[in-house]
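Pasting the sequence and the predicted coordinates here, then a few questions.
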Amino acid sequence: MRLLRAAMKLAAAHGARLIEGYPTDPRGKRPPALFLWTGLSPTFTRAGFREVARRSPTRPVMRRAVRGGARDG
């Protein structure tokens, strides 16, 4: 969760309005560690992300608005 929050803060500081993540949705199973480097969907949900699409059963596309937005120059 700390890494995700730090990424959101950095994105906002650089003018991002939205950030998107592609975590793994374990669907009640323990996935191999190889597939966990993008994070787990429950962590993204707790950080305020919402699912906006799903390209496969275990890979949601999650998005969240961040404070900050575009900077001048």
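Cool, got the structure. Numbering: from 1, shown residues only.

ok, and what's touching the longest helix along the chain?
Ranked by residue count under DSSP state H, the longest helix found in the chain is helix 2-13. Outside helix 2-13, the residues that touch it by C-beta atoms under 8 Å, 6 or more residues apart in numbering are 19, 21, 39, 43, 44, 47, 64, 66, 67, 68, 69. No exception for glycine: its C-beta is placed from N, CA and C like everyone else's.

May I see the buried residues of it?
Of all the residues in helix 2-13, those buried under the rule 16 or more other C-beta atoms under 10 Å are 4, 7, 8, 11, 12.

Just put those in TSV and tack on distance to residue 55 and pLDDT.
What follows is the buried residues of helix 2-13, written out as TSV (distance: C-beta to C-beta, whole Å; pLDDT from 0 to 100):
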residue	distance to residue 55	pLDDT
4	20	92
7	21	92
8	23	93
11	22	93
12	26	93
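
with these in mind, which one is nearest to residue 25?
For the buried residues of helix 2-13, the closest approach to residue 25 (C-beta to C-beta) belongs to residue 4, at 15.5 Å.
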